[in-house]
Every structure is written in C-alpha cells, then in structure tokens.
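Peer 1: Dropping the sequence and predicted coords here.
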Amino acid sequence: MTSLFVRRFASALLLSCAMAAPAAAQTKPAAPAATATKPVSPEHLALARAVLDFTGAGRSFDSVVTKLLVDARQSIIRTNPTLQPDLDLVITTLNDKMKNSDDELINKIAGVYAQKLSEAELKDIVAFYQSPAGQKMTASMPDILRESYGLAREWSQQMSVEIMNQVRAEMKKKGHEL
C-alpha cells in the first residue's frame, strides 16, 4: 500500500513538473540553486499558483491526505480491531477537516515556481495554458503520463533482464558461472 502511495505522490510531482515543462523549456537555462530565496510579489506568487491551477498539478495532491488517513486506519485496525467503529468516525471527521490541507503544499510549490520563473515567464505560461493547445495538453497529460509510466516500467524490466544477461556473459568470460 505504501509503495502505491509513493508512486502516486511521485506521479503527482512528475505531473506538476511535466505540465510546466513546455513553457519553461522556452526560457533561459536555470541558474544553480541558490541558498537564499528572493522576495516575490503577491502578484508573482499568484501567477505561479495560477500555473499550478491551470495545469491541474494542484489537484494531483487531492487524495494524499485521504490516502494517509486510510493507511493510518489500517495500521491501527491491524493491532486494535475493536476500535474500528470509533476510528472510522475519527477518520471521516479528520478527512473532512483536512480536505484542503494540501493548499499549504501547493502554495509552497507555487513559491518554487515564483523563485525559478519571472513574472513575465509565468504570464507566458498562463497564456499557453489558456490557449487551445495548452488546454488540450492539460486534458491529455494524465493519459500521457499513465502511458509513459507503463512504457518506462516495461523498458526498465527489459533493461534489467538485458543487464543481468550481459553481466552473466562477462562474468562467464572471467570463469565465473552465475
């Protein structure tokens, strides 16, 4: 279960990055990461947040709290099954209470965008995502990422077999049978 959560969270982060990539690729190369953050205006931060909203990247975190609560419930039920009725009420209440808690994370990510991209660049990105091509990309991105993930998984499995075959062949040349 936890590995599924990690994959979903990683996919959400990948989605966030992938959605901003087309417009960001048109900008100058990124400077090395700075240790201090530069101050950004509220307008600059709002543009960065708009990019996250237009791309749907913010929505990709919607199920994280629910998933964490379900995992906590399952962990507790495993050792204390008699607590299930009360625990289910607590989990439901906390889920309702915490449903917008990902806003803090999204705002922090918007801050990263604002640090890395100028207001002008963010305006260009927003314009792109408001265009028909940007809207199509946003709508298509979940399928693109799902198919890409499948292709990457398949490629990784094939490479794993190929690498082991190559290692065995090279080790055999050295007199070692694996």
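Peer 2: Yep, it's here. Numbers count the residues shown, from 1 in each chain.

Peer 1: name the element the closest residue to residue 66 other than its chain neighbours belongs to?
Peer 2: In space, and not counting its chain neighbours, residue 66 is closest to residue 95: 5.7 Å by CB to CB, 6 or more residues apart in numbering. In short, each C-beta sits where N, CA and C put it, glycine included. If you go by DSSP states H and E, residue 95 is part of helix 84-97.

Peer 1: Next SSE downstream of that helix?
Peer 2: Using DSSP H and E, the next helix or strand after helix 84-97 towards the C-terminus is helix 102-116.

Peer 1: if you average pLDDT over that following helix, what comes out?
Peer 2: For helix 102-116, the mean per-residue pLDDT is 91.

Peer 1: quick one: buried residues of it?
Peer 2: The neighbour-count check on helix 102-116 (16 or more other CB atoms under 10 Å) flags 102, 106, 109-111, 113-116 as buried.

Peer 1: How about stretch 134-145?
Peer 2: Buried residues in stretch 134-145, counted by 16+ other CB under 10 Å: 134, 137, 141, 145.

Peer 1: Which pair of those spans the longest distance?
Peer 2: Taking CB to CB as the measure, these span a maximum distance of 16.2 Å, between 134 and 145.

Peer 1: low-confidence ranges in the chain?
Peer 2: 1-36 (pLDDT under 70).
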